[in-house]
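Participant: coordinates only, sequence not included:
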């Protein structure tokens, strides 16, 4: 069962105050749930809908538009691997394949121990540091196989 | 800001007009002129700062946002003063959580010093500034889609007119500008419009941040006076081509700009000269490709992006982007034919200026320009199919 915690409620109160119309708080609330739970369940959509006077169907229709919201549980670390043009020109495809092989999720997916979720991603605005990946909120640029090993092996 | 507050708001709009500052996000529309379109006597008004940097090849806004959030705040305060706006939102793409957190801190610092909030520095001006994060959608960099997303909807673009200056956020007059554009405003106030207009060319005034990426030795963000030759950017500032390879192609303005062949590399980096050369300056993202590149593969990669990012609202873009990717994928994998290249050209024709927003036109750019300038790359891949079928 999904329920907002007291800490959530405090955050939500502050968020809603930023806007003259509370519909604008939809993405911030979806993001709050995504970050805390790792995905957004139907129960969470209902809770958000209730909070903002929206139908769960509407919440889902907005949620499904944006790539950062997941409907299935994700790993503790979400690795977004850029495969767009500047990164592709700098060897991103091989490094993505390397990372997939290393984690045992060729082509992307979530590891069995639920530690990592790996996905190809579109341009993350780090083109001058290509090739790059984003692990949760951190950008890692100028990647090599050694750096990828270093970064991923050091994550607790 | 004291210099700004010493003038009347209308004077600042005129100053920015006179400076020749053009939007730095991609469209290059004169900033001061856009501000002057605000519907008269309609309040409240809003400011939306477009920090949704997502144009492939572009990473200059992120540098500004992470390294100098106070500069952006200052630019926003002056702009809101000039346009009589009391509420501003900075719309960050969802992946910029770090930059948004930094800005929250910067806003708190600025508020404590009395630069935001009520009666700023005794000027009588009020301004509340908030950060807002998107959640992963390139289309939300389109100004009207950004506003829809900010209102808590799917990030689909709106019909224009009406333009945001008349009916924008929550249906109210809204100024919407790119991060870099707003960051130039304090400089114009401090140094004067004439000094800004003295830099650059006749119609492309001032300086531009250019993200240089791809096959260069020193990729990075470089600030140039508009009109600097592109070759200087590539060979002097960015250190030349990696491994001293030969230049094959370059894209001056992000993946939505036409690919240009190497013989155009001396084109001055300004809006007019690049347009005349057959491309566009766009967001200021210079992507460099050396002789090892198969342009069809590059076009395929970029076409995947547009297919992925199409909002799906209008048929020509939704279907056209998917279809182009499918055909390019076939060609790249040895299943191509001349008829398919003709079909690509046909699809480009049926998408150009026929989609609901500019994403459709952007999707056409890599395909149409690669066929125009690098037909031999296509022919080579098509030959492979013919050869192998003969061998069978």
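Facilitator: Yep, it's here. Since the model is a prediction, treat every value here as computed from it, not as a measurement. Numbering: from 1, shown residues only, chains lettered A, B, ... in the order given.
Participant: Please point out which parts of stretch B:243-256 sit buried.
Facilitator: For stretch B:243-256, a neighbour-count test (16 or more other Cβ atoms under 10 Å in any protein chain shown) marks B:247-256 as buried. The C-beta positions use only the backbone N, C-alpha and C, and glycine is treated the same way.
Participant: which among those residues gets closest to chain A?
Facilitator: Lowest distance from chain A to the buried residues of stretch B:243-256 (Cβ to the nearest Cβ) belongs to residue B:255, with 5.6 Å.
Participant: Just give the closest residue to the closest one, not the sequence neighbours.
Facilitator: residue B:56 (4.0 Å; Cβ to Cβ, 6 or more residues apart in numbering or on different chains).
Participant: can you pull the contacts of the one you found?
Facilitator: By Cβ atoms under 8 Å, 6 or more residues apart in numbering or on different chains, the contact set of residue B:56 is A:84-86, A:122-123, A:127, B:254-255, B:285, B:287, B:302, B:305.
Participant: Which of the helices or strands spans it?
Facilitator: Under the criterion DSSP states H and E, no helix or strand holds residue B:56.
Participant: number of nearby residues for residue A:113?
Facilitator: Residues near residue A:113, counting by other Cβ atoms under 10 Å in any protein chain shown, number 10.
Participant: which one's the longest strand in chain B?
Facilitator: strand B:207-214 (DSSP state E).
Participant: What lies in contact with it?
Facilitator: Contacts of strand B:207-214 (Cβ under 8 Å, 6+ apart): A:85-86, A:89-90, A:127-128, A:130, B:24, B:57-60, B:63-64, B:180, B:199-200, B:218-226, B:233-234, B:237-238, B:250, B:269, B:281, B:283-289.
Participant: Please identify the buried residues of the helix or strand that comes right after it?
Facilitator: Proceeding N to C from strand B:207-214, the next assigned helix or strand is strand B:220-225, under DSSP H and E. By 16+ other Cβ under 10 Å, the buried positions in strand B:220-225 come out as B:220-222, B:224.
Participant: Serialize those residues to JSON lines and add fields for distance to residue B:38 and pLDDT.
Facilitator: Converted to JSON lines, the buried residues of strand B:220-225 look like this (distance: Cβ to Cβ, whole Å; pLDDT from 0 to 100):
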{"residue": "B:220", "distance to residue B:38": "37", "pLDDT": "98"}
{"residue": "B:221", "distance to residue B:38": "31", "pLDDT": "98"}
{"residue": "B:222", "distance to residue B:38": "34", "pLDDT": "98"}
{"residue": "B:224", "distance to residue B:38": "31", "pLDDT": "98"}
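Participant: Among those residues, find me the one that's closest to chain A.
Facilitator: Chain A has its nearest neighbour among the buried residues of strand B:220-225 in residue B:220, at 4.8 Å by Cβ to the nearest Cβ.
Participant: any idea how far residue B:270 is from the closest one?
Facilitator: For residue B:220, the distance to residue B:270 (Cβ to Cβ, to the nearest Å) stands at 20 Å.
Participant: re the thing from before, now render the contacts of residue B:56 as CSV, adding secondary structure, distance to residue B:358 and pLDDT.
Facilitator: Below are the contacts of residue B:56 laid out as CSV (DSSP: H, G, I helix; E, B strand; the rest coil; distance: Cβ to Cβ, whole Å; pLDDT from 0 to 100):
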residue, secondary structure, distance to residue B:358, pLDDT
A:84, coil, 18, 98
A:85, helix, 18, 98
A:86, helix, 21, 98
A:122, coil, 17, 97
A:123, coil, 17, 97
A:127, helix, 21, 97
B:254, coil, 12, 97
B:255, coil, 13, 98
B:285, strand, 16, 98
B:287, strand, 19, 98
B:302, helix, 15, 98
B:305, helix, 14, 98
